[in-house]
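In: what follows is a predicted protein model with its sequence.
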Amino acid sequence: MRKIPLAQIRNIGIIAHIDAGKTTTSERVLFYTGKNYKIGEVHDGAATMDWMVQEQERGITITAAATTCKWKDITINLIDTPGHVDFTIEVERSLKVLDGAVVVFCAVGGVEPQSETVWRQADRYGVPRLAFVNKMDRTGSDFFSVVAQIQERLGANAAPIQIPVGREADFNGLIDLVDKKFIHYKEDLGKEDMGKSFEVKEIPEEMMGEFDKYRLILVEKVAEADDMIMEEYLAGKTVTNEQLKAGIRRGCIANKFIPVLCGTSLKNKGVQMVLDAVVDYLPSPIDVPPVKGTNPDTGEFEEVVADDKSPFTALCFKVASDPFVGKIYFTRMYSGTLTSGTYIYNATKRLRERVTKIVKMHANHQEVTDSISTGDIAALVGLKDTKTGDTLCMEKNPILIEAMRFPEPVIQQAIEPKSKDAQEKLGMAMHKLEDEDPSFRVTYNQETGQTLIAGMGQLHLEIIVDRILREFNVEATVGAPQVAYRETIRKSVSSVGKFISQSGGRGQYGHCVIEMSPQETPGTGITFEDKIKSGAIPREFIPAVKQGVIGAAKNGVLAGYPVTDVKVVLVDGSFHDVDSSELAFKMAGSIAFQDGMKKANPVLLEPIMDIEVVVPEEFMGQIIGDLSSRRAKIVALGQRLNLRTIRANVPLSEVFNYATITRSLTQGRASYTMEPSFYSEVPAHVAEKVISGSANANARKTF
């Protein structure tokens, strides 16, 4: 029997640029909802949601943490996500399963680079959201400037539903534009109050001009998103508070309107209003469109109806290792109910799994429960072969929900155990970490004999290595970080692969013809298409050809880097009644791909970073000059208070340890943020160095 009606559930995430105040806001949410009896501060290393040792030491969020709390009879499943771009996979997989999001902006920094990244991720998954402009108490805070940036830079139909009263250190309340009230925070209530007490008053006469101005803007913006409000507005009627609230909710759920709130989480002001807005405006599981999937048997599209009576359907969006129970599988329930001890079906892997235990998570603490229902977010224990992005369902009602998109690593480094005893432990540790984090990859370079770990940035790999050394107690030596180059082709070619072997007895015969061409859309990776006609190659051997192609694509022909953005079409081939085998066709596919790469004008690709440097005016020339010397392309120059911003695209290979460089150029007064943007062709003179360097490394290892 369902305990909580679906309409009373909110599955939300808190997303933002690094240091905008996500975890600080989450801690206030837990305190005001009664989940925690005290507030844990990030700067003290005591935040509940930052439970990892590495998070507490660095004061940043590394892994997405889930919890459940209640506000006004509404159950809120909350996920606090990282802000650092190196851990963007945590935001990606959280947004995949959430129904709504609170996007936190710094009142001083405004829309920062990672703000744009998480906004695009939310756009991709169609997640309704509201904006919370935090840190209103800081010097230089400007609420209306941030609202303008949200409208201009993010292209959002956004408008304040509150406006601040007082500026910077004098910020003491806000005017609610929907319910027409003044919320006032007193300063003399003592530290124990922690923002729980505030006065709700009539709006003072001197503030009515501001109220009328921004209330009209709000009504106009909502009317753009909602036909019912538009009719009232055009008819010249007064839009009531109830009508406006309903219009904001409809516009928000339809992703046509973004309500903007303000406050300061650290000073405990405005967070309760954010919770009210989550309840009033963000959708429940039945307000969002049904999740779409495909039937793995028929290939037909199907919809998953959010109902306990529908067949069980869920998505595993995260795998984590627990020291006491082993692996736990974070799962979003889309339909049906699930009880512990049940056998379920992994439609992605096409195998059965058994759920031995179900737990509700509060950061790293677990609460055992017998069952979960539609709309719940919980963790399953006992699964063996499930991975991030796998669809879980019942075998008699199979369905495949669209998998998640995982970013490509841009940086790699070699890692070697210090002893033979550590070899096995290192392998186990890296296998566990790969299961947990799909943006972390482990490869073995056959030519150099090195184990390479790859990730999204230097901090990402630093955390991984720290966990290997401390959490898994493995003694290992780590090489210097290197750029994760890629290889691709620039022209279309046809290529033949033949593998014929006769050594007495049954031989081997595989023959295939493929056409290779560059992908039209960068970032697509390797795609394989079968266009065999008239049975030139038997159907059972075609997957082997694909395996050979995918295997060969792991090592390019220029410098051995993985190949990307190549479309492969299998067009012809031949077979032998006796000698043909899967192995022969796998080898033929590999030979055809490698031969085609050599003929198709192969080029080296390098990761290009989107960098934003915030610098005092007097050092702007030095920074621009330095970036230009690093093959950077300046994209935009801007102003942020009395500082200048420089936005550029720069190759990753040119900005290793850039923090040291900016400090020396600006007397330590500049800061920067950087995130992977795209892969671009390496200039010829640089490519020669990379290729010769790779060849020399292989030669040194060989001799």
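Out: Right, received. Where do you want to start? Worth saying up front: this structure is predicted, and the values here are computed from it rather than measured.
In: which parts of the stretch 101-250 of the chain are helices?
Out: In the stretch 101-250 of the chain, the segments counted as helices under DSSP state H, counting those that start in this stretch are 113-124, 143-153, 208-225, 227-234, 241-253.
In: which of these sits closest to residue 348?
Out: Shortest separation from residue 348 across the helices of the stretch 101-250 of the chain is recorded for helix 113-124, at 20.3 Å, computed as Cβ to Cβ. No exception for glycine: its C-beta is placed from N, CA and C like everyone else's.
In: measure stretch 487-507 end to end?
Out: Between the opening and closing residues of stretch 487-507 we find a distance of 34 Å, counting by Cα to Cα, to the nearest Å.
In: contacts for the helix or strand hosting residue 421 next, please.
Out: Counting by DSSP states H and E, the element that carries residue 421 is helix 420-436. Surrounding helix 420-436, the residues in contact under the criterion Cβ atoms under 8 Å, 6 or more residues apart in numbering are 318-321, 327, 387-388, 415, 417, 440-442, 451, 453, 464, 467-468, 471-476.
In: cool, and stretch 389-399?
Out: For stretch 389-399, contacts defined as Cβ under 8 Å, 6+ apart pick out 93, 293-297, 302, 304, 311-317, 331, 336, 344-349, 352-353, 386, 400-401, 403-404, 406, 438.
In: in helices, which of the residues you listed fall?
Out: Secondary structure assignment by DSSP state H places residue 93 of the contacts of stretch 389-399 in helices.
In: in PyMOL, how would I select just the buried ones from the contacts of stretch 389-399?
Out: Selecting only the buried entries of those in PyMOL, with 16 or more other Cβ atoms under 10 Å as the criterion:
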select buried, resi 93+293+294+302+304+312+313+314+315+316+317+331+336+344+345+346+347+348+353+386+400+401+404+406+438
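In: hmm, back to that, any idea which of the helices of the stretch 101-250 of the chain gets closest to residue 647?
Out: Nearest to residue 647, of all these, is helix 113-124, at 7.7 Å by Cβ to Cβ.
In: sorry, back to before: make TSV from the helices of the stretch 101-250 of the chain and add distance to residue 554, mean pLDDT and mean neighbour count to it.
Out: Conversion of the helices of the stretch 101-250 of the chain to TSV gives the following (distance: least, Cβ to Cβ, whole Å; pLDDT from 0 to 100; neighbours: other Cβ atoms under 10 Å):
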stretch	distance to residue 554	mean pLDDT	mean neighbour count
helix 113-124	28	85	20
helix 143-153	39	93	18
helix 208-225	48	93	17
helix 227-234	53	89	15
helix 241-253	44	93	20
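In: okay, those helices in CSV with distance to residue 515 next?
Out: What follows is the helices of the stretch 101-250 of the chain, written out as CSV (distance: least, Cβ to Cβ, whole Å):
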stretch, distance to residue 515
helix 113-124, 31
helix 143-153, 42
helix 208-225, 47
helix 227-234, 50
helix 241-253, 46
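In: out of the ones you listed, nearest to residue 178?
Out: Closest approach to residue 178 among the helices of the stretch 101-250 of the chain is made by helix 241-253 (5.6 Å; Cβ to Cβ).
In: partner strands of the helix or strand following that closest one, with direction?
Out: Taking DSSP H and E as the definition, the helix or strand that follows helix 241-253 towards the C-terminus is strand 258-262. Strand partners for strand 258-262, identified by DSSP bridges, are recorded as strand 129-134 (parallel), strand 158-160 (parallel).
In: the inter-axis angle of the helix or strand following strand 258-262 versus strand 129-134?
Out: Note on strand 258-262: by DSSP H and E, the next helix or strand toward the C-terminus is helix 271-281. Here helix 271-281 points in a direction 170 degrees away from that of strand 129-134 (axes from the mean of the first three to the mean of the last three Cα atoms, to 10 degrees).
In: partner residues bridging residue 106?
Out: Listed beta-bridge partners, residue 106: residue 110, residue 134 (assigned using DSSP bridges).
In: same deal with residue 173?
Out: residue 165, residue 184.
In: surely it and residue 167 touch.
Out: No - under the contact definition of Cβ atoms under 8 Å, residue 173 does not touch residue 167, with a separation of 11.9 Å.
In: the two - which one has more neighbours?
Out: Between residue 173 and residue 167, counted using other Cβ atoms under 10 Å, the more crowded position is residue 173 (20 against 16).
In: mind checking how far that one is from residue 162?
Out: The spacing between residue 173 and residue 162, counted by Cβ to Cβ, to the nearest Å, is 10 Å.
In: just residue 27 next, same as before
Out: Here the distance between residue 27 and residue 162 works out to 21 Å (Cβ to Cβ).
In: how about residue 408?
Out: To residue 162, residue 408 is 40 Å away according to Cβ to Cβ.
In: of these two, who's got more company?
Out: When neighbours are counted by other Cβ under 10 Å, residue 162 comes out ahead of the other of residue 408 and residue 162, with 27 against 17.
In: let me know whether that one touches residue 174 as I believe.
Out: Yes - applying Cβ under 8 Å as the test, residue 162 and residue 174 come out as touching, 4.5 Å apart.
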